[in-house]
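> next come a sequence and a model predicted from it.
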Amino acid sequence: MSIREDQNRFKSIIKGKVRDDFKRYVTSGELIGKREDEFVKIPMPRIDIPTFRYGPKQNEQGVGQGDGEAGEGSGKPGGGKGAAGDQAGEHMIEVEISMDELAEMLGEKLELPKILPKGAKNILAEKNKYSGISPVGPEGLRKFKQTYKKALTRYISSGTYNPEDPMIVPIRRDFQYRSIKKTPLPHTKAVVIYMMDVSGSMGDEQKEIVRLESFWINTWLKKHYKGLDTRFIIHDASAKEVDENTFFKTSESGGTLISSAYKLCQQIIQADYSTSEWNIYPFHFSDGDNWSGEDTRICLSLLKEFFLPNVNVFSYGQVESKYGSGQFLKDLQKEFTNDDRLTLSQIEGRDKILSSIKDFLGKGK
Amino acid sequence: MANLTLELEAERKKIRQIAKDCGLDFFETVFELINYDQISQIASYGGFPVRYPHWKFGMEYEQLSKSYEYGLSKIYEMVINTDPCYAYLMEGNSMMDQKLVMAHVYGHADFFKNNVWFSKTNRKMMDQMANHATRIKRYIDRHGYEVVEKFIDTCLSLENLIDRHSILNGPQKMDEIRPDAKKDNFLFKVEKPYMRNYINPPAYIADQKQKQNEKNMQKSQFPLSPVRDVLAFLMHYAPLEDWQQDILSIVRDESYYFAPQGMTKTLNEGWASYWHSHMMTRHILNDSEIIDFADHHSGTTFMQMGGYNPYKVGIELFRDIEDRWNRGRFGRAWDECDDVRERKNWNKNTNLGRDKIFEIRKIYNDVTFIDEFLTEDFCVRNKMFVYKMNKETGKFEVDTRDFKDIKAKLLFQMTNFGQPIIRIEDANFENRGELLLHHTHEGLDLQPNYMDATMQNLFSIWKRPINLVTLMDNEAQLFRYDGNQYTKHSLTDNNKVGEGEQQELPKA
């Protein structure tokens, strides 16, 4: 039966539509809410073949059955299948799109180059683990419990099991053995460290932009690195490490000392991620209003001496807030012209998310 | 083929005999036991195991299998109108369910065989569908998947433009609608052969022929009369390649095959429900199954608020009719009787009920069925009403319980399948080879965005501009799509289509 082919064809049409409409999905939070481990679910209106048909007025009337006087409510609003359900566009189905496909779409749309891991140590190591079950194997690896269960099932289903005399004799078919499963161990490891300014001038809209960007950056990097670590740092005048949820929800009021975040980030890297083994991607989002020129100087020297030599690429995104845009971006530009270990991006609003993702990931590092 | 378990096979034999004893007359019915995934697959193919490749079946499958897996819906019964009939039972249903389905299926099988609207159906449709699939697959090999798929999409978009009333008298002959099909009627009758040259001199014939040709040139009405079977018309007269013509004919064939089922939904389901209920309660059920049966049966015939349930209306009407004809509650004397008490106790012991319902299953369709047998008494007894959306509260409300309104509403829903009636009026509109369609407005406007997209599809087949006359927002309008853009003209000032416009049209 070829229904699978038709089903796949249908799914690919749907995916084509998602691809055509990709920008909308990138700039609205729709996908992130539907995220599961391996895939996202995208609500998709049923695609229809157009025909000459009656307009929606038809569905506002119908024949029903039951008690009630004229003018009285006739029960449940929306009332069941015939009433409103047949109208076009109301059939919502969800399509599952794997993270890999999503990353591919992103790559295709933005023409992103493949990332070359640092040191090119991308050989996967393999580890053997006895986690599988197989019907053949050496006697030494026989699993007694599974074999017994299998035999018992056979007895019961064939009706020969006698509870009075519960003797089970396994036959060849029942035997179960442990078997080796190979699990690949990724050699190239990567960590993304997100830093965000949560001072008073960063509003909800700015944070939403950061959230969207980080989702897409993760999606893209995950495609290239199996086992991607993410760490989150928030800062105003002081910095602390938080989990993902807190990261996007926290609002502080107070001044901004960017260097505090950079210092904490440096500590994390030094403690957990040896720079020879890990591909490190620090991202920093801020509105660019640093407290003092003195602090900016500290940041610049940290970048120059620690970050740039040790990380794959250091990314800074300046989100425009309602108070305008700060000075930090310009300071960085002035200091590190033409240094491709540092990417800078200015994000004026939601519309610029795509182009800013391209800024960040377009270097293929 | 049949793979029933011994137990089911025994029941099948029993039920088949009971159905025969009840007077049901059906094609031999082959039951197959399949699992939920198979049933979803077959259901998405409209009941046939082999159909041409198209994504719409995949979409159907995606929805059916998902909604089964999430526990939202379950397909109990599926039966295919072929000879022999094929019916599917789902693995894992309870024995009572299986018996119910079998009894129900024999009702359908009887209906398929005897109802007059199915008399012209191809009973070898199983083979025909497979044949269609092979042909389309061959075109795919030859012209590429996407090209063929796109064309099928176009054809499916016009799928409902067939003439449902031609099912009985056969489709309109497409060469009879041409203007030159008119016979030479200028010749005088000649009794004696030797008089021929004197009565109809050659000069006169030549003269008349020339006149006729000129007349044809001036006003070649084509088609001679409006055509309902738009698909057939396009097949014959649209500039299509052979394979495109063939695909169009496949889509049309299948559309005609499914049409009678849509025209007899209430009747067919009512009939099958009537018989499953009759057979189950009198002959088949054992004591322990009564509750489950009652539960299942009332689930099927439950009229949801706002939903029209053909099972419910059908079975109730059949029971009502049987009762009326058993007691002689029909004919002039009954209609003219105004005495409430007399009506209430009316019983002439005519006992014609069974005969009457068998007659109905033979010669009626949904429209004639409702039109003739939905009575005021019935509506009152079944508490029927027309509901309406209250725009202020956003809720559905009982609009009226007036019998005439209920009946009008029900009949309207059924007319032409609930599809708009659209005819080809002129295939040489404005003498420019454009297509002029006419929508018979019956109170509801066409949905504009679908209309535009469908006109676009028509254009891709006809390859000349498409015009559609319809009533939109209470104003007669002519919509036109010329391959690039849509235009519309109001027709309220000059009712004659086209006349006023000819001057407006640019001479590009």
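Good, I have the coordinates.

> just confirm B:Tyr86 is within a helix.
No: under DSSP: H, G, I helix; E, B strand; the rest coil, B:Tyr86 falls outside any helix and is assigned strand.

> that one - how many residues pack around it?
Neighbourhood size, B:Tyr86 [other Cβ atoms under 10 Å in any protein chain shown]: 24. Heads up, the C-betas are built off the backbone N, CA and C, glycines and all.

> for B:Leu240, the count of nearby residues, please.
By other Cβ under 10 Å, 18 other residues sit near B:Leu240.

> mind picking out the helix or strand in chain A with the poorest mean pLDDT?
Among the helices and strands of chain A, helix A:80-84 carries the lowest confidence by mean pLDDT, DSSP states H and E, at a mean of 29.

> direction included, what does the helix or strand following that helix pair against?
Downstream of helix A:80-84, the next assigned helix or strand under DSSP states H and E is strand A:92-98. Strand A:92-98 pairs in its sheet with strand A:39-45 (antiparallel), by DSSP bridges.

> quick one: mean pLDDT for the partner strand?
Strand A:39-45 carries an average pLDDT of 69.

> spell out whether the helix or strand just after that strand and chain B are in contact.
Counting by DSSP H and E, the next helix or strand C-terminal to strand A:39-45 is strand A:61-65. Yes: counting by Cβ under 8 Å from any Cβ of the partner chain, chain B is contacted by strand A:61-65 at A:61-65.

> put the alpha carbons of strand A:61-65 into PDB.
Only the C-alpha atoms of strand A:61-65 are listed here, as PDB (Å, rounded to 0.1, in the frame of the first residue of the first chain):
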ATOM      1  CA  GLN A  61     -27.800  28.100  10.500                       C
ATOM      2  CA  GLY A  62     -28.900  24.500  10.700                       C
ATOM      3  CA  VAL A  63     -31.400  22.000  11.900                       C
ATOM      4  CA  GLY A  64     -31.200  20.700  15.400                       C
ATOM      5  CA  GLN A  65     -33.200  18.700  17.900                       C
END
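
> could you list every helix and strand in contact with that strand?
Packing contacts for strand A:61-65, counted by 3 or more Cβ pairs under 8 Å, 6 or more residues apart in numbering or on different chains; DSSP states H and E, involve strand B:384-390, helix B:403-414.

> direction included, what does it pair up with?
strand B:384-390 (antiparallel).

> below-threshold pLDDT in the stretch 151-300 of chain B: ranges please.
B:175-176, B:179-185, B:215-220 (pLDDT under 70).

> what about the helices in it?
Counting by DSSP state H, counting those that start in this stretch, the stretch 151-300 of chain B has helices at residues B:166-169, B:196-199, B:202-218, B:230-237, B:242-263, B:265-279, B:290-300.

> out of these, deepest packed?
Mean neighbour count (mean count of other Cβ atoms under 10 Å in any protein chain shown) peaks for helix B:265-279 among the helices of the stretch 151-300 of chain B, with a mean of 25.

> so which helix or strand takes in the closest residue to chain A within the stretch 1-150 of chain B?
Chain A sits closest to B:Gly58 of the stretch 1-150 of chain B, with a gap of 3.3 Å, by Cβ to the nearest Cβ. Using DSSP H and E, the element containing B:Gly58 is helix B:55-69.

> most neighbours of all the residues of strand A:61-65 next to chain B, which one?
Result: A:Gly64 is most packed of the residues of strand A:61-65 next to chain B (other Cβ under 10 Å), 27 neighbours.

> hmm, B:Phe385 and that residue touching each other?
Yes: between A:Gly64 and B:Phe385 there is a contact at 5.7 Å, judged by Cβ atoms under 8 Å.

> pLDDT below threshold where in chain B?
Scanning chain B for pLDDT under 70 picks out the ranges B:1-2, B:175-176, B:179-185, B:215-220, B:304-307, B:417, B:493-508.

> ok, the residue positioned nearest the centre of it to B:Ile360 distance?
By Cα atoms, centre = their mean, chain B has its centre lying nearest to B:Ala259, at 3.2 Å. In this view, B:Ala259 and B:Ile360 are 20 Å apart by Cβ to Cβ, to the nearest Å.

> list the helices and strands the strand or helix carrying A:Lys330 packs on?
If you go by DSSP H and E, A:Lys330 is part of helix A:328-335. Applying 3+ Cβ pairs under 8 Å, 6+ apart, we find helix A:328-335 packed against helix A:293-302, strand A:314-319, strand A:342-347.

> to chain A, which of the helices of the stretch 151-300 of chain B lies closest?
Nearest of these (Cβ to the nearest Cβ): helix B:230-237, 9.7 Å.

> which other residues reach that closest one?
Residues outside helix B:230-237 that contact it (Cβ atoms under 8 Å, 6 or more residues apart in numbering or on different chains) are B:155, B:158-159, B:161-162, B:171-172, B:174-175, B:177, B:223, B:227, B:240, B:245, B:248-249, B:251-252, B:255, B:422-424, B:427, B:437, B:461-462.

> list the contacts for A:Val198?
Applying Cβ under 8 Å, 6+ apart, we find A:Val198 in contact with A:207, A:234-236, A:250-252.

> kindly indicate which of these lies nearest chain B.
If you rank the contacts of A:Val198 by distance to chain B using Cβ to the nearest Cβ, A:Lys207 comes first, at 34.7 Å.

> so that closest one is in contact with A:Phe248, correct?
Yes: if you go by Cβ under 8 Å, A:Lys207 and A:Phe248 touch, sitting 5.9 Å apart.

> interface residues of the stretch 401-508 of chain B facing chain A?
So the stretch 401-508 of chain B meets chain A at B:401, B:406, B:409-410, B:413, B:418-420, B:422, B:439, B:444-451, B:453-454, B:457 (Cβ under 8 Å from any Cβ).

> what about B:Gly394, neighbour count?
Applying other Cβ under 10 Å, we find 9 other residues in the vicinity of B:Gly394.

> returning to what we had before: turn the contacts of A:Val198 into TSV, columns for pLDDT.
Formatted as TSV, the contacts of A:Val198 follow (pLDDT from 0 to 100):
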residue	pLDDT
A:Lys207	81
A:Ile234	88
A:His235	87
A:Asp236	82
A:Thr250	75
A:Ser251	72
A:Glu252	73
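
> could you tell me which of those count as buried?
With burial judged by 16 or more other Cβ atoms under 10 Å in any protein chain shown, the buried subset of the contacts of A:Val198 is A:207, A:234-236, A:250, A:252.

> switch those over to CSV; also include distance to B:Tyr88 and secondary structure.
Shown next, in CSV, are the buried ones among the contacts of A:Val198 (distance: Cβ to Cβ, whole Å; DSSP: H, G, I helix; E, B strand; the rest coil):
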residue, distance to B:Tyr88, secondary structure
A:Lys207, 55, helix
A:Ile234, 60, strand
A:His235, 65, strand
A:Asp236, 67, coil
A:Thr250, 58, coil
A:Glu252, 64, coil
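
> and those as TSV, adding distance to A:Val198?
What follows is the buried ones among the contacts of A:Val198, written out as TSV (distance: Cβ to Cβ, whole Å):
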residue	distance to A:Val198
A:Lys207	8
A:Ile234	5
A:His235	7
A:Asp236	6
A:Thr250	5
A:Glu252	5
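
> of these, closest to B:Met126?
Nearest to B:Met126 among the buried ones among the contacts of A:Val198: A:Lys207, at 60.6 Å, using Cβ to Cβ.
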